[in-house]
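Chemist: take a look and give me a structure for this.
(3 chains)
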Amino acid sequence: MLKPNVLRKKKDFSSIYNRGKSVGEKFVVVFSKKNALAYNRTAFLASKKVGNSVIRNRARRLMKESYRELESKLDLGNDLIFIARSTITSVKCCEVKKSMESALIKAKMLRRE
RNA sequence: UGAGUAAGUCAGACAAUCGCAUGCUGUAACGGCAUGAGGAAAGUCCGAGCUCCUAAGAGCAGGGUGCCGGAUAACAUCCGGUGAAGGCAACUUUAAGGAAAGUGCAACAGAAAUAUACCGCCAGACUAUGUCUGGUAAGGUUGAAAUGGUGAGGUAAGAGCUCACCGGCAGGCUGGUAACAGCUUGGCCAUGUAAACCCCACCUGGAGCAAGACCAAAUAGGGCACAAAAGGCGGCUGCUCGUCGUUGCCCGGUAGGUAGGUCGCAAGAGCACACUGGCGACAGUGCGCCUAGAUAGAUGAUUGUCAGAUACAGAACUCGGCUUAUAGACUUACUCACUUU
RNA sequence: GCGGUCGUGGCGGAAUGGCAGACGCGCACGGUUCAGGUCCGUGUGAGAGAUCGUGAGGGUUCAAAUCCCUCCGACCGCA
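Modeler: This is a model prediction of the structure:
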């Protein structure tokens, strides 16, 4: 019953960190790496530096919401890790979306319209 | 009106669009309906349920609690009282057993710190303006603390030595379930510290839902030997027993590998209301309700309206408490002061 | 979930309940040297002072860094 488009293995994480590309933006950091699948796998992280559990949950929700709106324009076949930076506290959703969009453009994974 | 004391409540609401999790349902892979974090979910400081550790073991050690009575499944919690401390009061706080069972400690200062005599005071002796002996603890010095306080009698000087009042201790009587309170008789001997060791009374087996049960998958062995015991290793917090599991020896390998699903897991010491008993904590009865259950981990985004604003903060097996954090708003009862009637 | 250690000058790090800041490093000043280093000596918590200071707040005690309670922070271990 596990969802297939979620990263959960330690191996996957370490290989993405070590061999993947990374792009930093104002509110998020993106690690990415090609996989052999026909769909994208994602993970949304917020470390304890960001804040308490309420703030960390909110950060992950904002990133998920932004990813959901951008998902249709993305290339397929990638593993993506989104990491919240501590600047994400008290920021609205549209700003997170903008930041994530520009990060993905830098990583050249976003199809232009 | 102002100042205060105590108890308690709420924790933005509504609407629209998109999106998430679980359950039900239709259709066949997309829809519909319902439900979806807290008063502290937190800290993990206590207590229990539940599960496993063959039995739920023995002794010692260790740990906890500590005025009295009650409530409770249980508690270090709660309720009611007693004593003490604080406040004009409403009221608040309170780890509050034992120091004549024993041991330890009390720095510095001081003569002396639990036993004594430096300066004094008094008496006597002598080699006589001083030295010795004895008595005394009223006065002085030190200190946090110096063997009850004040006054009178008494005496060589003094002293609870005697008396009055106060204080404290012991016995008796009365009231109270008890802590204790009141009265009375004797009588003044005994510093403080037990959140120092300790004594007394009571309680206490361990691990924790990653407990544990089932299903599925994977797994590195080879040679020699082959009866048991002792012994070793591991579990039962520490030690002694006891008990359970495992283990023949050598060589190789020697640091990782795997961890998927179902159950446990949401009907419970449950919640709301009413009545009855009780000062109260709480208990009983009746009636109604079903109210999160994820597994990288579900509640979010945008817009509008309300007079304006949203604190502390996110369930992870479940309950009862405690502690800590908390914007703003509100309710009730009581006390004191002032003004008016 | 369970359970353990620690918090003291600018830094490291001592301290039987009894004068807190031992000791080392650093820093400042002085001496030595033509000059610097080395070496030697003095000083060094805050505050004008009263006083306050051992992560914070309470308590026990005559007296607390030390004993007890409640919080905060940092780190570690086991499953």
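
Chemist: list, one by one, the residues from chain A near RNA strand B.
Modeler: A:1-3, A:6-8, A:10, A:43-45, A:52-54, A:57-58, A:60-62, A:65, A:68, A:92-94 (CB under 7 Å from any atom of the strand). Just so you know, the C-beta spots here come from the backbone N, C-alpha and C atoms, and that holds for glycine as well.

Chemist: among those residues, name the ones in helices.
Modeler: A:10, A:53, A:54, A:57, A:58, A:60, A:61, A:62, A:65, A:68, A:93, A:94 (DSSP state H).

Chemist: mind checking the SS state of the spatially most central residue of chain A?
Modeler: Most central in chain A under CA atoms, centre = their mean is residue A:82, positioned 2.6 Å from the mean C-alpha point. Secondary structure, DSSP: H, G, I helix; E, B strand; the rest coil: residue A:82 is strand.

Chemist: coming back round to it: nearest to residue A:86 among the ones in helices among the residues of chain A next to RNA strand B?
Modeler: Of all those, residue A:86 sits closest to residue A:58, with 13.0 Å by CB to CB.

Chemist: what's the distance between the closest one and residue A:69?
Modeler: Distance, residue A:58 to residue A:69, by CB to CB, to the nearest Å: 17 Å.

Chemist: which one of those two has more residues nearby?
Modeler: residue A:58 (19 against 13; other CB atoms under 10 Å).

Chemist: show me the contacts for the residue nearest to the centre of chain A.
Modeler: By CB atoms under 8 Å, 6 or more residues apart in numbering, residue A:82 lies in contact with A:28, A:29, A:30, A:42, A:43, A:44, A:45, A:63, A:67, A:100.

Chemist: just the buried residues of the residues you listed.
Modeler: Buried members of the contacts of residue A:82, counted by 16 or more other CB atoms under 10 Å: A:28, A:30, A:42, A:43, A:44, A:45, A:63, A:67, A:100.
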